[in-house]
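Peer 1: Got a predicted structure here, sequence first:
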Amino acid sequence: MARDKERILDAFLVASARLGDREAFDLLVRRWNGKLLAHAWRLLRDREGARDSVQEAWAEMVRGLRRLRDDGAFAAWAFRITSRRCARHIGRLRGERQLAEEMAAAPVEDSFAEPSSLDVEALRKAIRILPPEQQVAIALFYLEDMSVAEVAVALDVPAGTVKTRLMHARHKLRDALEGDA
């Protein structure tokens, strides 16, 4: 129910911003910037790169807002643009070895909800060892409460690929967490 209200508000803000309402766009930025930064950080493991990618994504969203046909699809659209900007950023980095070193050395974002019967640190550690594409799928599906279809749009991959990534991530997480028990 709360999720529906949030989506309705976002759709209203998108429609208003499309009509030139600066305050609506500013509110949209305030509501979504943190989520897009967390998403970019999960992809890049680099705070400055994440900030730059999200800033570039917002510039692209400003230019493309008039072409967004479904106001309710803003979340998936915004995550997709951010994902593409992050992919461009990764393409600019020097070599995969440097990227792997940066990803391994990065701290974990504190945006995870605290499950009651699970050791949060063990869960964070288990998520950290997942491949990046599985980490991102898990984060968008569970933390951002997106559907498989929305995650597919956000990551620009088929829904079947999202389902496969989620399945493998769940298996790896279960194995890692049961190994700690």
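Peer 2: On my side now, so go ahead.
Peer 1: Return the helix or strand in the chain with minimum mean pLDDT.
Peer 2: One helix or strand of the chain scores below all others by mean pLDDT, DSSP states H and E: helix 95-105, with a mean of 50.
Peer 1: who are the neighbours of the helix or strand just after that helix, in terms of helices and strands?
Peer 2: Once the chain leaves helix 95-105, the next helix or strand it forms, by DSSP states H and E, is helix 120-128. Helices and strands touching helix 120-128, as assessed by 3 or more CB pairs under 8 Å, 6 or more residues apart in numbering; DSSP states H and E, comprise helix 132-138, helix 159-180. Placement of C-beta: from N, CA and C, glycine included.
Peer 1: so how far is helix 120-128 off the chain centroid?
Peer 2: From the chain centre to the centre of helix 120-128 is a distance of 18 Å (CA atoms, centre = their mean, to the nearest Å).
Peer 1: Would you indicate which residues of that helix are buried?
Peer 2: Buried residues in helix 120-128, counted by 16 or more other CB atoms under 10 Å: 123, 126-127.
Peer 1: Three-state assignment for residue 12, please.
Peer 2: For residue 12, the secondary structure call by DSSP: H, G, I helix; E, B strand; the rest coil comes out as helix.
Peer 1: residues in contact with it?
Peer 2: Residue 12 makes contacts with 24, 71, as judged by CB atoms under 8 Å, 6 or more residues apart in numbering.
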